[in-house]
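Enquirer: got a sequence here, can you model it:
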Amino acid sequence: MTEGPPLGTASDPTGAAETGADPSETGGLAFGEGWDRQDRWLRFVDPVLERDYREAMTVPARRRFRVAGAIACLVIAIQPITIVPLLGAYAPISIAACLGSAAAIAAVVMWAGRVGLRGIWGLSAGVSAFVAIAIVVIWVAEDYVVPFLAFALASIFIWQIAVVRVAWWVAAAMLLGATVLFAAVAIGVEVDGGTAAFQVILLVIVLGGATLGSWFLEAAERRSFAQGLLVDHLHRRIDRLFRQYLSPDVAQALVDDPKRAELGGEVVEVSVLFADLSGYTPFSERRSPDEVVAMLNATFGAAVPAVLAEGGTIVQFVGDALMAIFNAPLRQPDHALRACRAGLALQRAAPAQPIPGERPRFRVGINTGPALVGNIGSAELHNFSALGDTTNVAARLQTYAPEGCVVIGERTHELIRDAADVRSLGEADLKGKSTPTMVFELVGLKEAGRSAGVQGVGSTTP
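Expert: Numbers count the residues shown, from 1 in each chain. A predicted model of the protein is given here:
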């Protein structure tokens, strides 16, 4: 935690505008140079960071204070029993004082849930002082010169310092208070000067060590808190970027099982969807690059949610085209119907975009069959995709489809025929295929097929 430059400006105290960080993810903090600076009292210079630290520490501090307070109540309440062998019989007033003190501390502990971190520190110091004064008053009232008073006081304050983990300056105040209290008692009951001096030194050494320990503990706790914020911020940032470049299902699968990032894959029956914008080339000839990019972003901005809503995994964008697969990496028994719903949704989504002038429309091809699904590429860079004849046919069906239409293959039709309205286009000679392929135009889905809970033939809800 070294000194650094000022944090941002008055209107941007955390420097978020300069760093490009997302303040909403970190309680308003951005992580520029010197963001975690501390002053000589160990407080964070950034008021937002200091506030967040106190809020984060309040709940565990309350829990620790309740434990310490409960022990303090117990210690005071059982004094009439535990101290009898040392001091003799207590007077009734001393017993009443013990029980009353225990009840008062219990009330304070119950009230502690309403105060913040500094309030907890103050209550801890107050309870310690109360217990110490109560013990002193009772023991002195019994006309007992306490040779171990310093030890008793040190035990009381150290218990609170260690268990509640108060700030170091609160611990220092406890040290001062215990020393003053003992000095007053020593003078009042005329404790031998040598004994008094020894016990004062004992108090200073013991409580001074506790105060120093509190300083190091608080410094470490604050460093840990700041580092935790930074790690959390980086995790969120990487996760957000990760999910922007990968389909959400693929990203989650890799997070859940990093071994899935290895090259290779498995053969799975999938439904592959290809969609591109018919008329994109002439459109781009008549428009500036900025307008073309704006059109693509607006169109894909509507198309991508339509695919993701059906559980599709978008594996690539190529210019004006996209490729999505269904049934991988997550298994979907109704993958063919999901792909068809997504294809029809693409046709509804693209024309709805508020783009002035001529707008290209999607041509969609969908095919179902076995494909090798996994990571393809090199050790340095690879991509999740589906390879095989099924994918090739889907791409050819997309080029075969008229503008604004969805064309499906024979296996896809077989799986959805009871839930869809289709029109046979006969056998088509698709590029690269040695034999003609039976193709169908997907006109629409019946009421059952439009329901997200309906599956294809022979399938069940995942």
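Enquirer: next, count neighbours for residue 183.
Expert: With neighbours defined by other CB atoms under 10 Å, the count for residue 183 comes to 15. (Each C-beta comes from the backbone N, C-alpha and C, glycine too.)
Enquirer: what strand or helix carries the residue nearest to it when sequence neighbours are not counted?
Expert: Counting by CB to CB, 6 or more residues apart in numbering, residue 183 lies nearest to residue 200, which is 6.8 Å off, once chain neighbours are set aside. Assigned by DSSP states H and E, residue 200 falls within helix 193-245.
Enquirer: before we move on, back to that, distance of the residue nearest to residue 183 from residue 339?
Expert: To residue 339, residue 200 is 83 Å away according to CB to CB, to the nearest Å.
Enquirer: thinking again about what came up before, got the contact list for the residue nearest to residue 183?
Expert: Going by CB atoms under 8 Å, 6 or more residues apart in numbering, residue 200 touches 150, 179, 182-183, 186.
Enquirer: quick one: low-confidence ranges for the stretch 101-250 of the chain?
Expert: 101, 138-139, 141-147, 190-192, 241-250 (pLDDT under 70).
Enquirer: can you do 80?
Expert: 101-114, 131, 134-152, 159, 186-196, 198-199, 234-235, 237-250 (pLDDT under 80).
Enquirer: ok, then the element right after the lengthiest strand in the chain?
Expert: Assignment by DSSP state E gives strand 361-377 as the longest strand of the chain. Where DSSP H and E defines the elements, the next helix or strand beyond strand 361-377 is strand 382-387.
Enquirer: ok, that next one: who's next to it in the sheet?
Expert: strand 361-377 (antiparallel) (DSSP bridges).
Enquirer: output the partner strand as CSV, restricted to C-alpha atoms.
Expert: Provided in CSV are the C-alpha atoms of strand 361-377 (Å, rounded to 0.1, in the frame of the first residue of the first chain):
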residue,chain,number,x,y,z
ARG,A,361,-33.3,-10.5,-44.8
PHE,A,362,-32.1,-13.8,-43.4
ARG,A,363,-31.9,-17.0,-45.4
VAL,A,364,-31.9,-20.0,-42.9
GLY,A,365,-30.8,-23.6,-43.4
ILE,A,366,-31.3,-26.2,-40.7
ASN,A,367,-30.0,-29.8,-40.8
THR,A,368,-30.0,-32.6,-38.2
GLY,A,369,-27.6,-35.5,-38.0
PRO,A,370,-24.4,-36.8,-36.4
ALA,A,371,-21.4,-34.4,-36.2
LEU,A,372,-18.1,-34.3,-34.3
VAL,A,373,-18.7,-31.7,-31.6
GLY,A,374,-15.7,-30.2,-29.8
ASN,A,375,-12.7,-28.0,-30.1
ILE,A,376,-11.0,-27.6,-33.4
GLY,A,377,-7.8,-25.7,-34.1
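Enquirer: what are the buried residues along it?
Expert: 361-369, 371-376 (16 or more other CB atoms under 10 Å).
Enquirer: name the element residue 265 belongs to?
Expert: Applying DSSP H and E, one finds residue 265 within strand 264-278.
Enquirer: now do that strand: distance to the chain's middle.
Expert: In terms of CA atoms, centre = their mean, to the nearest Å, the centre of strand 264-278 is set 33 Å apart from its chain centre.
Enquirer: can you list the buried residues in that strand?
Expert: 265, 268-278.
Enquirer: quick one: strands adjacent to it?
Expert: Assessed with DSSP bridges, strand 264-278 is paired to strand 321-326 (antiparallel), strand 361-377 (antiparallel).
Enquirer: tell me where the protein has strands.
Expert: Counting by DSSP E, the strands of the chain are 264-278, 313-318, 321-326, 361-377, 382-387, 406-409, 420-428, 437-445.
Enquirer: go through these and name the closest to residue 302.
Expert: Among the strands of the chain, the nearest to residue 302 by CB to CB is strand 361-377 (10.4 Å).
Enquirer: ok now the helix holding residue 200, how far from the chain's centre?
Expert: A distance of 23 Å separates the C-alpha centroid of helix 193-245 from that of its chain, computed with CA atoms, centre = their mean.
Enquirer: in CSV, list the strands paired with strand 264-278 along with distance to residue 343 and mean pLDDT.
Expert: Listed next are the strands paired with strand 264-278 as CSV, based on distance: least, CB to CB, whole Å; pLDDT from 0 to 100:
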stretch, distance to residue 343, mean pLDDT
strand 321-326, 9, 91
strand 361-377, 4, 87
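Enquirer: to residue 53, which of those strands lies closest?
Expert: strand 361-377 (42.2 Å).
Enquirer: any chance of the strands paired with strand 264-278 in CSV, with distance to residue 194 too?
Expert: Listed next are the strands paired with strand 264-278 as CSV, based on distance: least, CB to CB, whole Å:
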stretch, distance to residue 194
strand 321-326, 88
strand 361-377, 80
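Enquirer: next, residue 310: phi, psi?
Expert: Residue 310 adopts backbone torsions of phi -100, psi 10, taken as degrees, to the nearest 10.
Enquirer: give the contact list for it.
Expert: 326, 338-339, 341-342, 345, 452.
Enquirer: buried subset of these as a ChimeraX selection?
Expert: Of these, the buried ones go into a single ChimeraX selection, burial set by 16+ other CB under 10 Å:
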select :326,338,339,341,342,345
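Enquirer: next one: residue 306 from residue 347, what distance?
Expert: 9 Å.
Enquirer: can you check residue 418 too?
Expert: On the measure of CB to CB, residue 418 and residue 347 end up 22 Å apart.
Enquirer: and the two? which has more neighbours close in?
Expert: A direct count of neighbours by other CB under 10 Å for residue 418 and residue 347 places residue 347 higher, at 20 against 13.
Enquirer: who's in contact with the more buried one?
Expert: Neighbours of residue 347 in contact, by CB under 8 Å, 6+ apart: 361-362, 364, 404-406.
Enquirer: go on, residue 150?
Expert: 182, 199-200, 202-203.
Enquirer: so how far is residue 168 from it?
Expert: For residue 150, the distance to residue 168 - CB to CB - is 21 Å.
Enquirer: now do residue 343
Expert: Taking CB to CB, one finds residue 343 at 66 Å from residue 168.
Enquirer: quick one: which of the contacts of residue 150 is nearest residue 211?
Expert: Among the contacts of residue 150, and counting by CB to CB, the member closest to residue 211 is residue 203, at 11.5 Å.
Enquirer: surely the closest one meets residue 154?
Expert: Yes - shown here, residue 203 and residue 154 form a contact pair, counting by CB atoms under 8 Å, at 5.7 Å.
Enquirer: overlap in contacts, those two.
Expert: residue 178.
Enquirer: save the contacts of residue 200 as a markdown table, and put in distance to residue 412 too.
Expert: Shown next, in a markdown table, are the contacts of residue 200 (distance: CB to CB, whole Å):
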| residue | distance to residue 412 |
| --- | --- |
| 150 | 87 |
| 179 | 85 |
| 182 | 88 |
| 183 | 91 |
| 186 | 94 |
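Enquirer: give me the subset of these lying in helices.
Expert: 150, 179, 182-183, 186 (DSSP state H).
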